[in-house]
Structure formats: C-alpha cells, structure tokens
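> Here is my input; please provide its structure:
(4 chains, ligands or ions: 6)
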Amino acid sequence: MGSGGINNINIEVDIAGLKLKNPVMTASGTFGYGEEYSEFLDLNMLGAIVVKGLSITPRQGNPTPRIVETPAGMLNAIGLQNIGVRTFIEEKLPFLRHFKTPVIANFFGDSIDEYVQAAQELSSADGIHGLEMNISCPNKQAGWIVFGTDPVTMRQVVTAVRKATSLPLIVKLSPNVADISLMARIAEDSGADAVSLINTMTGMVIDIKKRRPVLANKTGGLSGPAIRPIAVRMVWEVYKAVKIPIIGMGGIMNTSDALEFLIAGARAVAIGTANFINPTATIEIIEGLEKFMIEERLSDINEIIGSLKTD
Amino acid sequence: MGSGGINNINIEVDIAGLKLKNPVMTASGTFGYGEEYSEFLDLNMLGAIVVKGLSITPRQGNPTPRIVETPAGMLNAIGLQNIGVRTFIEEKLPFLRHFKTPVIANFFGDSIDEYVQAAQELSSADGIHGLEMNISCPNKQAGWIVFGTDPVTMRQVVTAVRKATSLPLIVKLSPNVADISLMARIAEDSGADAVSLINTMTGMVIDIKKRRPVLANKTGGLSGPAIRPIAVRMVWEVYKAVKIPIIGMGGIMNTSDALEFLIAGARAVAIGTANFINPTATIEIIEGLEKFMIEERLSDINEIIGSLKTD
Amino acid sequence: MNRYFKAIVLENSVLNNHFRLLTIEAERIAIDARPNPVPGQFYMLQAGNTYDPLLKRPFSIFRYEDGLMSFLYRVRGKGTLLLSSLKKGDIIDVIGPLGNGYPEPEGDFIAVAGGIGIASLFPLLSKFKNRAYLFYGARNKQELVMIDEAKTFSKESFVATDDGSEGHRGTVTDLLKSFLNSSLITHHSSLIYACGPSPMLKELLHIVVGEKAKCYISLEEHMACGVGACIGCVVKTVSGYKRVCKEGPVFEIREIVWNNGVMK
Amino acid sequence: MNRYFKAIVLENSVLNNHFRLLTIEAERIAIDARPNPVPGQFYMLQAGNTYDPLLKRPFSIFRYEDGLMSFLYRVRGKGTLLLSSLKKGDIIDVIGPLGNGYPEPEGDFIAVAGGIGIASLFPLLSKFKNRAYLFYGARNKQELVMIDEAKTFSKESFVATDDGSEGHRGTVTDLLKSFLNSSLITHHSSLIYACGPSPMLKELLHIVVGEKAKCYISLEEHMACGVGACIGCVVKTVSGYKRVCKEGPVFEIREIVWNNGVMK
Ligand SMILES: Cc1cc2nc3c(=O)[nH]c(=O)nc-3n(C[C@H](O)[C@H](O)[C@H](O)COP(=O)(O)OP(=O)(O)OC[C@H]3O[C@@H](n4cnc5c(N)ncnc54)[C@H](O)[C@@H]3O)c2cc1C
Ligand SMILES: Cc1cc2nc3c(=O)[nH]c(=O)nc-3n(C[C@H](O)[C@H](O)[C@H](O)COP(=O)(O)OP(=O)(O)OC[C@H]3O[C@@H](n4cnc5c(N)ncnc54)[C@H](O)[C@@H]3O)c2cc1C
Ligand SMILES: Cc1cc2nc3c(=O)[nH]c(=O)nc-3n(C[C@H](O)[C@H](O)[C@H](O)COP(=O)(O)O)c2cc1C
Ligand SMILES: Cc1cc2nc3c(=O)[nH]c(=O)nc-3n(C[C@H](O)[C@H](O)[C@H](O)COP(=O)(O)O)c2cc1C
Ligand code: FES
Ligand code: FES
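Ligands and ions are numbered 1, 2, ... in the order given. Okay, here's the model as predicted:
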C-alpha cells in the first residue's frame, strides 16, 4: 500500500506541502476525533485524518432531532457541537499522535477573531499537520452573513487566518453559491494553500402531520450520494479556475465515485457520509484506486488527476 | 374532484389571477406538449399544464447522451430542444384547447429580445393562459452570464417581458444561487405575478473508464428526489421574502412530498421527474391531497399553504 | 475485534402482521474476531444495495447464541420494509454489537416493556432466568409479541393492554405502581430496566423520582453512524449532550433532562 | 387503453450466468384494457420501492401470450440487479407496450441478432415461423442464449462467436456478407431486421448501403420516460433528432446519421 507499494504504483500526493501516502482522507464531522473508527480500520493507512470542526470555545450544538434521512442523502444539523480547541489538544490529540497519518484540524468561528484565535492555538500544538477552515458559518459581527457565501467577508477571514498560521491552510468552500470558482479564486488570492469542496447543501424536511421541520434546527446540511453530481461539477469548475490543489468530497461512496472527483481535478478526496454506512469505506477506496490503476496500466495517480477529456 | 368536490373540500387556488381547480401542475419539459401523457390520464383533471420550454426559433438541442441517472435523481441536458413558438401555436395548441385545463407556456431566449418576442407571440395566441419564463439560460449578449443567477440581467429581462405581456407572468428561478430569496424579490419588483422554483441544479457525472463526462453536453440539470430537501428549503425562504404566489417543485414524487412544499409556502406544486416513473403521479397527488385534508379535518387548501410552524 | 461484517440470513419469519424475527449468522471469516453482545446492546443493519434508504438502522439484540443473532422488529418505513423482504441466503451488512447494555442485576429485578421495547429486554429475561418481575404493555393482545416466551423466563409477569384485550386495561406503569406499593420487594432497593415509548418512560420517572430505586432505560434516537462519530443521536443529560449510540442506549433515568414530557 | 399497470411476477429464472427470463402477468383489473405488443416494442420495467435506481428501464417484449409477458434480460447495473432479485408473487411497475415495432415482413426475411439483441427479434421469429434466415452472433457459446428455440423457428440459421466456441469464429456480419453474395434470395429485394451492438449495426450499413434491401434496426438509448415526453432518448436522423422511444426503437438503417461509427 502507499507510495511505491505493490506493482510500483505511486498514489502519493502533495497537498500544500503535506505529503499524503494516498489521496484518501476523512471528511470533517464524519469521523469524530479518529478514535471512534480506530477499531474498524488502521488509521495508519489513511492519507490524512480530518477531525470534527473545532471552535475556540466548546459548543453544545443543536437540540434533537439532528439528523434526518432523505433520498440518497441525509440532513444534519449537529450545530457544530465540539469540545473546543483546548480540550481537543489536551485529550484527543495525544491519541492521534500515535499514528503516522497527518492530522488536519477543521475549525470555525462566529467572528474573524474567533477564527484567528482557533488557528493560532491549533498551530502551536504538536501533532497537527494542517488546518481546514470551515467558512460555512454565519458571521456574527456582519449580521449573520455566511462567511463562505459573501466574497467580501470571505476575503477578510481567510486573509486574517493566513497571517495567523504557517501550517498548510485549506479553505473549505460552501456549495450554496452561484459561482464556486469565484469563491475558490478569492481563497487562493487570500493565501489559501488548498481548497476543499463541497461542504453540505442547505436543505429542509417537513413533518407533514405536525407541519414542522423535522430537524429542531429547521434546516440542515445535505450530504451523501444525492449531492455527488453537483460536487463533481463544482470540483471541475474550480479546477479550471485555480492553481492550488483541490480536495474533493460530496457523496463519495466507493472507488468509482472517488475517481470521478480525481478525474475532475481533485488531488485528494475526503470520505464523509460513506463512513456511517461502511466504516471501512476509506480503506476499500484506497485499495480500489490501486486496482484501477493496475487495470488501466497507470503508474502514477497524478496521471488521473484533472485528466477529464472534454473535447 | 376540484373545488367544492367531495366532502365540501376546497382545493382550488389562485395563481396570479389564474384559477386552478387544484394546486397540481406539470413541470415544464417533463410532460412534452401534453399529448404524450394524454393516454395515461385525463388532462382535464390537472390544475394546469405547463409545456416544454419554447423559443422564438426552433432548437435542435444537444447531442446524446442527454440523460444519466444519479442516486435518487437524474441529470438532463436536452439542450432546450423545441419546435419553436410558432409551430407550437399551430400544431400543438389546438390539441390542448380541447381541455378545460389552463395551459402555461414555458419559454426562454438567448437575449432579452428573444424573450420579448417569444412572450409577445405566445400572448397573442388563443388558448395560452399564463407564461412561465425560464431564466436559467445564458445571456448571449452579456457574455453568457446566466440570466437567472445575475441580479442585474435578471431585472432587465423580467422588466422587459413584463411590458410585453398582459398574461399572468411566472418567473422560474434557478437554484444555483447563494440567496434565492433575493432573486425572488427582484422578480417581484420587476413585475412578476408569481415565481416558480426550483429549476434543476447543475451537475456532472464522469465515465471513469473513458475519463469523459457521460453527457455530451458535459454538465446537466439535476432533478428528482435527490434535490427535494434543497427545494423545500428554498420555497420556505422565498415564502418569507415575497408576497406573490409560489409554485413549488423539485423531486415531488407523491402526496406527502407535495404537502411539504405547500406547507413551506407554495400555493401550487409542479410534478416533473415523477411523471417518468409514474405517469399518473399528478392524479394520485390530487386525490391524495383531498384524502389528507379529510384525515386532518381541513376544508380549504389555503389552511395548509405556508402553515409551517417554526416556533 | 471485528464489529463490521456481512452476515447470511437464516430466517426472516413473520410473527404477526406487525412483527418479524430475523436470524442471521456472520460469514465464517468474521466470526472468530467478533465480540459477543450483552443485553441492551444493538446492531446497525442494512438490507439491499441501494442508497435509498441510505443509512443503516439500529436494532436491539433479541437473541444471541453461538454466532447466531436474532432481531425482533416491526415494519415502520422504508428501511424495515426492505429488511422484511430479506430471504434465506441473502447477505446483509452489519455493524455491532454497539453501545452499552444494561448493567447486570445482582438479584431480582423489574423489567418494564412497552410494545417493541420487549426486543431490548428479552435477552435480559432469558439470561437471568426467573429473576424478573415482568411488566409488559401493548396496544392490544396481538401486539404482545413473544409474550409466552417472555413469561416463561420471568418470575412473575403483569400484562396490560390499551384496549383490555389481554390483562389489565390500561398502562403497565399503573400495574407497576400498585405492585411497588404492595410488594415484598422494598420500593427503595428495587432495580428497574425499561424500554418503551416516551410517555411510558416519563411515567416511570414519576414513579422512581425521590426513591432509591435505580431505573435503567433504553433510549431511541435517529442514528447515522451508530459508533459515536457523527454526534447526531444525542440526548440531553444532566452533564450535557450524550450520544445514545455510544454512552447509551441505556441510561439511568435521572441522568436524562426531560422537557414537557419529551427528552430534549 | 391502459399502458401503465402493475404486474405480478410469475417466474424469474436464471438461464445462465448472464441471462434471465422474467415472466409477468398484469393484475386482473388492468388486463382487459391493455393493448397487445407487436415484435420490436418494449416495456419500461421497475422493481422495488426505492428511488435508487430512480428510473424505469426499457426491455423488449420477448414473448407474449394471453396476457403473460416475458422479458429476456442481462444483469448489467443496479436496475437489472434489482430485477434479478424479483421472485414469484412480487409486484412490478410496468409501462407499455411502447414504441414502434418491426414492420411486418411479407415473405421471407433475414434476422441479425448480436448478443442480447435476440430478445427483440425473437417474437418476430416465433410469429413468422420458418420464414427467417437467422444470423446470431455472441461472444461465446454460453452467450448464445435461447439459440435452440430461435433455430427451431427459423428457416435456416447461421451462428458466429467471437471465440469460435460455436459456429463461425468471427462476426455474424461476415456470415451475412457471404450469404448475400451466394444466396438464392436476391441481394436487392432482401428484408433485414437487426438488433445488436453499434459496431454490428455499422457493419450492416456497409453491407446494405447502395442496395435496395430494406434494413430495420432496433436502437438503444438511455431513456427516462419511454413515452416521448422528455426528449432524452433521441438519435440523429436525416430529418433531425428523433425519439428512440416514440418514433423508434425501430428505424430503417439509412435514416440514421452515423458519425465515426457511432450514432450521433
Ligand atoms: C438503540 C435502538 C434499538 C432499537 N431496537 C429496535 C428493535 O429491536 N426492533 C425494532 O423494531 N425497532 C428498534 N429500533 C427502532 C428502529 O431502529 C426503527 O424502527 C427503524 O430505524 C425504522 O426504520 P425505517 O426505515 O423502517 O423507518 P423510517 O422510514 O426511517 O421511519 C419510520 C418512523 O420511525 C421513526 N424512526 C426512524 N428511525 C428511528 C430511530 N432510530 N429511532 C426511533 N425512531 C425512528 C421515524 O421518525 C418515523 O416515524 C431501535 C432503535 C434504536 C435507536
Ligand atoms: C428499446 C430498448 C430495449 C431493450 N431491450 C432489452 C432487453 O430485451 N433485454 C436486455 O437485457 N436489455 C435490453 N435493453 C437494455 C436495457 O434497458 C439496459 O441493459 C438496462 O437499462 C440497464 O439498466 P441497469 O440499471 O442494470 O444498468 P445501468 O447501471 O443503468 O447501466 C449499466 C450499463 O448499461 C448501459 N445502459 C443503461 N441504460 C441503457 C439503455 N437504456 N440503453 C442502453 N444501454 C444502457 C449503461 O450505459 C451502462 O454501461 C433495451 C434497451 C432499450 C433502449
Ligand atoms: C454529520 C456531519 C457532520 C459534519 N460536520 C462538519 C464539520 O464539523 N465541519 C465541516 O467543515 N464539515 C462538516 N461536515 C461536512 C462534511 O465534512 C462533508 O463536507 C460533507 O458531508 C459532504 O461529504 P459527504 O457527502 O461525503 O458526507 C459534516 C457532515 C456530516 C454528515
Ligand atoms: C428532462 C427535463 C427537461 C426539462 N426541461 C425544462 C424546460 O424546458 N424548461 C424549464 O423551465 N424547466 C425544465 N425542466 C425542469 C423541470 O421543469 C423542474 O423544474 C425540475 O425538473 C425539478 O422538478 P422535478 O425534480 O420534479 O423534476 C426540465 C426537467 C427535466 C427533467
Ligand atoms: S449515531 Fe452517530 S454519534 Fe450516535
Ligand atoms: S425516453 Fe423520454 S422521450 Fe424517449
């Protein structure tokens, strides 16, 4: 497995200076802090581990129900419940340091200050190899405009965080926009080392008997195979617009899905909802990628990345 | 069936001065010009018939494949193939005039001029009761910016069409935007009598062996149950933002789905992809709405519309 | 330890209109490494090869014997409908055992089952034979599924139905109340296990509040992962949100924060 | 006329690894009003109660008798996999018969089947017994499904396999070419029906181009509605895009616009 593994196949990729032994990582919020799935798979085999979104102060999250299934997808409104940056560093990071797999800390805030503080604290911890900014959160100061859907606030927050950290910085883009390539370019201009996409799409399910939203939070984020065609299209659009690497995600369930993202231009992929259905999905996809390369007589995964023919 | 039907239940609704005997219409592009499904159901039973999008000059449409299935959805890239406004009026409208059901002509153009011309010609025909503008088309003049995702071009085209017709004017909104309620307000300000939403969401599926998009057009429009939670959320947002009536659509497969849209604020619903799977879906939904009202002891459909509780 | 595996369907029988019993066996290769379940634990099950339904569904272990696992279930929606179409020889995807089961009783105990809640308590009855005072309630006689077996394993049993078609007409909590008031087991030291609908659990709270009796209840929440990763299935406890799939599904009733009769 | 109905599965048998035969019967209430299919027409079939797969799938009528419909199919993806799990007594959703079948032959005719293409031609052979010169090609002997029955109905038959495991090693179009060059049927007046993969159809075009022989081919396209409403399944013809489900699936080969060996 991994670089120079069986049959001299290279599946190592480079994301913003981070060498990943394969292009498969976990999607934030779907893999806890790594522990939960460590019984199901060898965390050493993953390209990277992206942990649940962290904020400078712990969050309680939303009331329940937090989850509802939809056709080929699910809505979640966890409300970014998390133990906070400090507790994460003290209680969860030591476990993750036992593995050779790079750890990417996903984080967010309600204000630029909170983003900056979280980035600083995470950057000074031992065992965090990259940061992923979740900008799909409303900006308290700017009247709850969502950071990731407003070009101006987005530029401000990314620029500020860029100054606060020297770790590889990934900006995670929201799909709830008219032109995601514009947002990707802003991230690139503001100093991001990579972009990841897509975050969930806002949706709602109504209980027709009660005439109430099923989720206590009313709306939630749609993930899973339902959104995959939209995510693949967005990765392709962003690939044409920026030079920095792309981490693609959104409904990847198996190797074939992962390949769609790589071919569209993603240099790595993240597996989210699929973990819930198949806790070993990541490993099966890593193995599947190698198998595909053997079948297609390819020796380097970079021959696949962005290889979409559209003539 | 219909207003004052069994059990004194009123399911008649008023959309921009058009009285519909029930709130169930067909979604443009999924019901041909009405003929194709006339063998499967009595067209007289429908709330309204919305025909395939028309342009002032006939269109060939895209090469094939034009269709690909996705999890709980499908992408289409028909490329707006149509026989043109004139041929429609001459060859298809006479058939539709045999029915008492209002006919709504969906139309589009590549320029404001084309929109205006199509609206004028359609307005002067006998047997067309309303117009639905599809603004999810790129504006040739303005460098292929999509009319429906750019506030400025959208205002221009709706204002121009409004002047060109005195028929009830429905503006069909694109979901590929950051804030659909903003677009709905622009439509309202520009003189629209109603808005319909959502049109399809842009997506892509890749053939991993060929490393090509499956669709000849590369991308296509995602429809079907996969997008329903997004559509319901958007209807709810638009309901809070405008006063004009809303026609809700996107993945409605059965009565329960239709009710989600009505409760979220749609005054009528349109059935699209569901027709392909169940040609009598519209009729079953009309019957199902009455049944629901009996069960819930409601006598007027207006008690349902916009009745979502979110306290 | 291998908690994710494929299993073969041995039997999927209809008990009556509403209830079915599914028996599966893990594929050979997975068996050795597989941990045994304890009463109150659950498995995530998924039938079919479709993304609609997408998620696995949680089911309590009903019976476990030598690698064979049985689940007692009720058809409610798409997931259980698909489960009901499984036939002998079909393959099913499984994660488990998951969660924390009921703490072991030391002496006799009280088991309060409401409807399908019997599924979760049944292995407790069969493991600790003749030690349970069983209180079993359902809508009507037909829905008192597995009642004969449950009685056999119990020391004494008390039955209630909403329509009076069997046993007391009313709720099991009525029966429990009078039992506790008049029984030989002292009110204070009693140990109660319960699984059933929210209103029943709420009633239980009223009964045990202020008493020393320990009362362990098994909760239900919508689950995505079942393993603690998504934080989707939480319940509000006196020490904050806890995951039903990980810290639960069994909680001491006083840990739960109740709000207008529903857990929040 | 009722072309949308539910049917009951009578049989779903495995012919070999790849091929299956599904026989269904329309529910009583739907039968009377149902039109009978002609050879070359198709039905849209859907198994299960899920939105994944979402769309119905088109299948040629293979056999029709007194309300019983049979379909010969090959498991390819999710839809046909789900179809293959149907068992006796299951209910299936059906639209059909749809499209235009083969125009009726007046005298003898030639039938060219490539692989599963036999499904579409079979009812023609059985309706017009002993009038067909059958050319049947497949990858190998195992994939020559229903070959014995097809031969019985034919006047003469010619078989080819890619690997030579049965009949001529090579393509059916090779066989057809030499037949036409040497046969008693004059090249000019011959009537050909064909169903099979694109390369086979392309070869046929080369054979008949410039000749008077009429050649009717049955095309496949991805379909959403099957009834002409979505304009998704078009093929480019000399008079513009035509819908395979409505104007087709049978077209005279010269109507089709070919582009680098594929239909455009
Ligand atoms: C720990 C645990 C153990 C369980 N054990 C059993 C058991 O042994 N036997 C049994 O029959 N059922 C059990 N359940 C409930 C079972 O999981 C649900 O009935 C099942 O998920 C419904 O799936 P569905 O697709 O058929 O229904 P859906 O279409 O998903 O829903 C139908 C109805 O069931 C409700 N529902 C869906 N999922 C859940 C859930 N996870 N918890 C509660 N309600 C839900 C929905 O709100 C809806 O009203 C258990 C649940 C939990 C959390
Ligand atoms: C008019 C018509 C008649 C047909 N008759 C028969 C028949 O009698 N027996 C039979 O086995 N098959 C027949 N087919 C093909 C059959 O419809 C496809 O094999 C089936 O739709 C595949 O569905 P799936 O979900 O199993 O595969 P998918 O997962 O949808 O696809 C698997 C593969 O099949 C291809 N495919 C999918 N749909 C079609 C389609 N509509 N046409 C061509 N290729 C497709 C895909 O591109 C992919 O390569 C017919 C097709 C048409 C258009
Ligand atoms: C339960 C759940 C929780 C999530 N939490 C976070 C989070 O904390 N931060 C974040 O950036 N994305 C979060 N996401 C989004 C995922 O990381 C991912 O972008 C999205 O789910 C799409 O991928 P998928 O379809 O493979 O799940 C969450 C998703 C789910 C389903
Ligand atoms: C095959 C197909 C063709 C369509 N053509 C049009 C069109 O011509 N004009 C238009 O405004 N919308 C068109 N639509 C969009 C539908 O009217 C509808 O907005 C969308 O499909 C969402 O509804 P659904 O999920 O119920 O299908 C088309 C949709 C499909 C699937
Ligand atoms: S179901 Fe995911 S944490 Fe419990
Ligand atoms: S499949 Fe819809 S037009 Fe042919």
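
> going forward, measure contacts and count neighbours with C-alpha atoms only.
Will do.

> how many neighbours does residue C:238 have?
Close neighbours of residue C:238, defined as other CA atoms under 10 Å in any protein chain shown, add up to 12.

> Get me the contact residues on the stretch 51-200 of chain C for chain A.
C:51-56 (CA under 8 Å from any CA of the partner chain).

> all strands for the stretch 201-311 of chain A, in order.
Ranges of strands within the stretch 201-311 of chain A are A:201-204, A:206-207, A:212-213, A:219-223, A:246-248, A:268-271, based on DSSP state E, counting those that start in this stretch.

> which ones are touching residue C:64?
C:37, C:70, C:123 (CA atoms under 8 Å, 6 or more residues apart in numbering or on different chains).

> show me the contacts for the closest residue to chain D within the stretch 101-250 of chain C.
Going by CA to the nearest CA, chain D is nearest to residue C:224 of the stretch 101-250 of chain C, at 18.8 Å. For residue C:224, the contact set (CA under 8 Å, 6+ apart) comprises A:67, A:276, C:55-56, C:230, C:232-233.

> What pLDDT is listed against residue 235?
Unless you meant another one, I'm taking chain A. At residue A:235, the model reports a pLDDT of 98.

> Actually, chain C is the one I wanted.
pLDDT, residue C:235: 94.

> what about the chain, any weak spots by pLDDT?
Went with chain A since none was named. Where chain A drops to pLDDT under 70, the residues are A:1-7, A:138-144.

> switch to chain C, that's the one I care about
Counting by pLDDT under 70, chain C shows low-confidence ranges at C:1, C:28-33, C:183-189, C:260-264.

> ranges for the helices of it?
For chain C, applying DSSP state H gives helices covering C:28-31, C:78-84, C:118-127, C:147-153, C:172-182, C:198-208.

> so can I have a markdown table of the ones you listed showing distance to residue B:229?
Formatted as a markdown table, these follow (distance: least, CA to CA, whole Å):
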| stretch | distance to residue B:229 |
| --- | --- |
| helix C:28-31 | 38 |
| helix C:78-84 | 18 |
| helix C:118-127 | 33 |
| helix C:147-153 | 42 |
| helix C:172-182 | 40 |
| helix C:198-208 | 28 |
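
> distance of the spatially closest residue to residue C:139 that is not a sequence neighbour from residue C:200?
Nearest residue to residue C:139, sequence neighbours excluded (CA to CA, 6 or more residues apart in numbering or on different chains): residue C:162, at 4.8 Å. Relative to residue C:200, residue C:162 is positioned 12 Å away (CA to CA, to the nearest Å).

> Then residue A:244?
To residue C:200, residue A:244 is 57 Å away according to CA to CA.

> ditto for residue C:95
Separation of residue C:95 from residue C:200 (CA to CA): 29 Å.

> how much space between the residue nearest to residue C:139 and residue C:176?
According to CA to CA, residue C:162 and residue C:176 sit 15 Å apart.

> how deep is residue 67 tucked in, by neighbour count?
No chain was given, so I picked chain A. Using other CA under 10 Å, residue A:67 is surrounded by 25 other residues.

> To clarify, I was referring to chain C.
If you count neighbours by other CA under 10 Å, residue C:67 ends up with 16.

> Hmm, residue C:26 and it touching each other?
Yes. Using CA atoms under 8 Å, residue C:67 makes contact with residue C:26 at a distance of 6.8 Å.

> Tell me where the stretch 51-200 of chain A has strands.
Applying DSSP E, counting those that start in this stretch to the stretch 51-200 of chain A gives strands spanning A:67-70, A:73-76, A:103-107, A:130-134, A:138-139, A:145-146, A:169-172, A:194-197.

> mind checking which of these is nearest residue D:207?
Of all the strands of the stretch 51-200 of chain A, strand A:73-76 sits nearest to residue D:207, with 50.6 Å by CA to CA.

> Now for the residue in chain A positioned nearest to ligand 1, how many residues are close by?
Using CA to the nearest ligand atom, residue A:69 is the residue of chain A that sits closest to ligand 1, at 7.2 Å. By other CA under 10 Å, 20 other residues sit near residue A:69.

> Indicate the residue of the stretch 51-200 of chain C located nearest to ligand 4.
Among the residues of the stretch 51-200 of chain C, residue C:52 lies closest to ligand 4, at 16.0 Å counting by CA to the nearest ligand atom.

> wait, what's in contact with the residue nearest the centre of chain C?
The centre of chain C sits closest to residue C:120, judged by CA atoms, centre = their mean, with a distance of 2.2 Å. Applying CA under 8 Å, 6+ apart, we find residue C:120 in contact with C:39-41, C:60-62, C:195, C:218.

> Okay, and which of those map to strands?
Applying DSSP state E to these, the entries found in strands are C:60, C:195, C:218.

> Near the nearest residue to the second one once chain neighbours are set aside, how many residues? Count them for me, please.
Spatial nearest neighbour of residue C:195, excluding adjacent residues (CA to CA, 6+ apart): residue C:117 at 4.6 Å. Using other CA under 10 Å, residue C:117 has 22 neighbouring residues.

> how far away is residue C:117 from ligand 5?
According to CA to the nearest ligand atom, to the nearest Å, residue C:117 stands 19 Å off from ligand 5.

> Looks like that residue contacts residue C:198 (just checking).
No. Using CA under 8 Å, residue C:117 is not in contact with residue C:198; the gap is 11.0 Å.

> From residue A:168, how far out is the closest residue to residue A:159 other than its chain neighbours?
Leaving aside its sequence neighbours, residue A:159 sits nearest to residue A:190 (CA to CA, 6+ apart; 5.0 Å). To residue A:168, residue A:190 is 13 Å away according to CA to CA.

> Which residues are in contact with the residue in the stretch 201-311 of chain A that ligand 4 sits nearest to?
Residue of the stretch 201-311 of chain A nearest ligand 4, by CA to the nearest ligand atom: residue A:226 (12.3 Å). Contacts for residue A:226 were tallied using CA under 8 Å, 6+ apart; they are A:71-73, A:251, B:70-73, B:226-227.

> try it again with 6 Å
Residues near residue A:226 by CA atoms under 6 Å, 6 or more residues apart in numbering or on different chains: A:72-73, B:71, B:226.

> and what of residue A:216?
A:63-65.

> burial count for the closest residue to residue C:157 other than its chain neighbours?
Among residues not flanking residue C:157 along the chain, residue C:134 sits closest, at 4.5 Å (CA to CA, 6+ apart). Using other CA under 10 Å, residue C:134 has 29 other residues around it.

> Please name the residues that touch the residue of the stretch 51-200 of chain C closest to ligand 4.
Neighbouring residues of residue C:52 by CA under 6 Å, 6+ apart: A:71-72, D:50-52.

> ok, so of those residues, who is nearest residue A:105?
The closest of the contacts of residue C:52, once distances to residue A:105 are taken by CA to CA, is residue A:72, at 28.1 Å.

> from what I can see the closest one touches residue C:51, true?
Yes. Using CA atoms under 6 Å, residue A:72 makes contact with residue C:51 at a distance of 4.8 Å.

> neighbour-wise, which of the two wins?
Counted by other CA under 10 Å, residue A:72 and residue C:51 do not tie: residue A:72 has more neighbours, with 29 against 22.

> give the contact list for the more buried one.
Contact analysis of residue A:72 by CA under 6 Å, 6+ apart lists A:225-226, B:71-72, C:51-52, C:54.

> Next, format those residues as TSV and append distance to ligand 3.
TSV is the format used below for these (distance: CA to the nearest ligand atom, whole Å):
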residue	distance to ligand 3
A:225	6
A:226	8
B:71	12
B:72	14
C:51	12
C:52	14
C:54	12
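
> Can you report how many residues lie near the residue lying closest to residue A:238 once chain neighbours are set aside?
In this structure, residue A:238 finds its nearest non-sequential neighbour in residue A:181, 4.6 Å apart by CA to CA, 6+ apart. Look at residue A:181: counted by other CA under 10 Å, it has 20 neighbours.

> show me the contacts for the closest residue to chain B within the stretch 51-200 of chain C.
Residue of the stretch 51-200 of chain C nearest chain B, by CA to the nearest CA: residue C:51 (6.7 Å). With contact taken as CA under 6 Å, 6+ apart, residue C:51 is in contact with A:72, D:52.
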